[in-house]
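>>> here you go, sequence then predicted model.
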Amino acid sequence: MAGSTGNTYRPLGGWVEMPEAPQPELEGDVSADVVIVGAGFAGLSTALELAARGAKVVVLEREFAGFGASGRNAGYLAGGQGLEYDLFLKRVGREQARGIVGFYDAGVGYVEGKLRDYGIDCDYNASGIIRAAVHPSQEKKLRRRMQVGIELGSPAEFLDQAAMRARGIPPAFLFGAYSPGGGTLDPGKYVMGLRRAALRAGVRIYENTTLQSWVDGPVVRALTARGSASAPFLVLATNAYTPQLGLLRDKVMPLRVSAIETEPLSARQLASLGWARREGIVTSHWTMESHRLTARDTLVLTTKRLHYVYGRQTPSVPDTSAYRQLAQGLHERFPTLDGVAIRACWSGYISFAYDALPVVGEAGAQRNILYAAGCSGHGVGTQSLMGRLLAERIGGTEPALLSTLRHQTPSTLPEPLQWCVVNSALGVANAMDDRVNRKARSAARR
Ligand SMILES: Cc1cc2nc3c(=O)[nH]c(=O)nc-3n(C[C@H](O)[C@H](O)[C@H](O)COP(=O)(O)OP(=O)(O)OC[C@H]3O[C@@H](n4cnc5c(N)ncnc54)[C@H](O)[C@@H]3O)c2cc1C
């Protein structure tokens, strides 16, 4: 069977290495127009947008730029068809939902533009994305979801079995909903490209520098172990780690998402797949699987199993049961690759609100502490575009897209209730997905 996952755990994820020349730790007291905490897509994009407007910007990063989800994700640049409409449509209503879907779609064009502006080569393949079914029983849900997305303004078309085979999509993926926008990229190269662009633009990045606390006021003072950074605005771009700073504890929770990557496929193995356009594929399960080829001819699989750790914690530990499940997915969806070795396994944390929507707003007596979290598994486009919205807001204008995102985020549950409810819900989703997988397996044997 494909893919033993033993001994392939990578604590930094599969796409990035620690920079050879890390930026210095903050020592002493510095000041700026804006201090940003967190150097992922959100923090670095905000820094770049602010620097372009002439602001003096300081970024504080606990590890190094790209250490968080931005350096660990699957690299799908996806728009509004990826959303979980059922979780928010009734709460926010159709009009606001259209605006939110528009924000997700705008994130795709935003990143495409910034890759050109900053000259970032991150192996972007504008292939579009297919949400595929692995068993006929998934058709109703898949079609309904696609239709809701279309009605909310995000284009997609149904690909029947003949259309999937004509595209050369591997046969385990029976039919699907094709979103023409977006595609896949190397998130490590993208986030490191943002880091380089930010340094070039004069942003001062302090790595290995943890924000410990802050002092509120017209000038906010961010305190670190060996210094402080003060500015009229503080931006918390710490995503899944935000509750640990004492903010959004009742709004978002971290969920652990895992990934495996194969060794590079041989020419024969690649030919056995077909898949000439290398579209990013996600499945129609309750907890999706994602399957994509990379520019280095490896296959990266993610998700399938999510985990919530008691007390909103985000330990950097291997998730062997998730890797095992992903390896099983590799075996079942790509039987021609039997025996392919796993090169790397890793995990990271996304920030999830109960309605799966972004959580963006202001805190502090002066409303000058801005935060952006909760993009769930969809931050490549959205957390990047968030940078422009936050920069405009800091500049004194409220962008229309930011107003669209503002809504009442449902409150999360206190512990231990949250741990019980979330893990029970994930368990039910896994059981339903396992049922579909069993049916797909027996159909494949026939
Ligand atoms: C396995 C996986 C697969 C995914 N796949 C996709 C995908 O295909 N497409 C997609 O759109 N999204 C995907 N996502 C989600 C996406 O990666 C995130 O939404 C996005 O990267 C979030 O960016 P961010 O900048 O908000 O947060 P992060 O990238 O998490 O950055 C936050 C940063 O804050 C730093 N930090 C935390 N606390 C402190 C502190 N106290 N002081 C200083 N610094 C601090 C962290 O070290 C980190 O670098 C995936 C996520 C995972 C984990």
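Done, it's in. Residues are numbered from 1 along each chain as shown.

>>> when you work out contacts or count neighbours from here on, use the C-alpha atoms and nothing else.
Will do.

>>> all strands for the stretch 151-300 of the chain, in order.
Using DSSP state E, counting those that start in this stretch, the strands found in the stretch 151-300 of the chain span residues 157-159, 176-179, 183-184, 204-206, 213-215, 220-224, 227-231, 233-236, 253-262, 280-283, 289-293, 299-307.

>>> for the longest one, which outside residues touch it?
With contact meaning C-alpha atoms under 8 Å, 6 or more residues apart in numbering, strand 253-262 is reached by 3, 14, 74, 240-241, 243, 298-303, 305-309, 312-314, 319, 322-323, 326-327, 340-353, 412.

>>> pLDDT weak spots in this structure?
1-6 (pLDDT under 70).

>>> spell out which residues of the stretch 301-446 of the chain are next to the ligand.
Those residues of the stretch 301-446 of the chain that sit near the ligand, judged by C-alpha under 6 Å from any ligand atom, are 302, 347-350, 373, 375-381, 383.

>>> please redo it, this time with the cut-off set to 8 Å
The interface of the stretch 301-446 of the chain toward the ligand, taken as C-alpha under 8 Å from any ligand atom, is made up of 302-303, 346-351, 372-384.

>>> what about the nearest residue to Gly153 once chain neighbours are set aside, distance to Val359?
Residue nearest to Gly153 in three dimensions, not counting chain neighbours: Arg98, with 6.4 Å by C-alpha to C-alpha, 6 or more residues apart in numbering. Noted for Arg98: a distance of 17 Å to Val359, by C-alpha to C-alpha, to the nearest Å.

>>> who's more crowded, these two?
Per other C-alpha atoms under 10 Å, whichever of Arg98 and Val359 has more neighbours is Val359, with 23 against 20.

>>> what sits against that one?
Val359 makes contact with Lys251, Val252, Ala353, Tyr371, Ala372, Ala373, Gly374, Cys375, Leu405, Arg406, Thr409 under the criterion C-alpha under 8 Å, 6+ apart.

>>> dump those to JSON lines, plus neighbour count and secondary structure.
What follows is those, written out as JSON lines (neighbours: other C-alpha atoms under 10 Å; DSSP: H, G, I helix; E, B strand; the rest coil):
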{"residue": "Lys251", "neighbour count": "21", "secondary structure": "coil"}
{"residue": "Val252", "neighbour count": "32", "secondary structure": "coil"}
{"residue": "Ala353", "neighbour count": "23", "secondary structure": "coil"}
{"residue": "Tyr371", "neighbour count": "25", "secondary structure": "strand"}
{"residue": "Ala372", "neighbour count": "22", "secondary structure": "strand"}
{"residue": "Ala373", "neighbour count": "30", "secondary structure": "strand"}
{"residue": "Gly374", "neighbour count": "28", "secondary structure": "coil"}
{"residue": "Cys375", "neighbour count": "24", "secondary structure": "coil"}
{"residue": "Leu405", "neighbour count": "19", "secondary structure": "helix"}
{"residue": "Arg406", "neighbour count": "16", "secondary structure": "coil"}
{"residue": "Thr409", "neighbour count": "21", "secondary structure": "coil"}
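
>>> what helix or strand does the nearest residue to Trp286 once chain neighbours are set aside sit in?
The spatial neighbour of Trp286 that comes closest, neighbours along the chain excluded (C-alpha to C-alpha, 6+ apart), is Ala429 at 5.6 Å. For Ala429, the host element (DSSP states H and E) is helix 417-445.

>>> returning to that earlier point: is it fair to say the residue nearest to Gly153 lies in a helix?
Yes: assessed with DSSP: H, G, I helix; E, B strand; the rest coil, Arg98 lies in a helix.

>>> so how far is the ligand from it?
Summarising the geometry, the distance separating Arg98 from the ligand, computed by C-alpha to the nearest ligand atom, to the nearest Å, is 19 Å.

>>> so that residue touches Val148, yeah?
No: assessed by C-alpha atoms under 8 Å, Arg98 is found out of contact with Val148, at 10.2 Å.

>>> what residues does the stretch 151-300 of the chain put near the ligand?
For the stretch 151-300 of the chain, the residues in contact with the ligand under the definition C-alpha under 8 Å from any ligand atom are 184, 208-212, 237-242, 244-245, 256-259, 290.

>>> and these, which of them are buried?
The neighbour count (16 or more other C-alpha atoms under 10 Å) marks 184, 208-211, 237-242, 256-259, 290 as buried among these.
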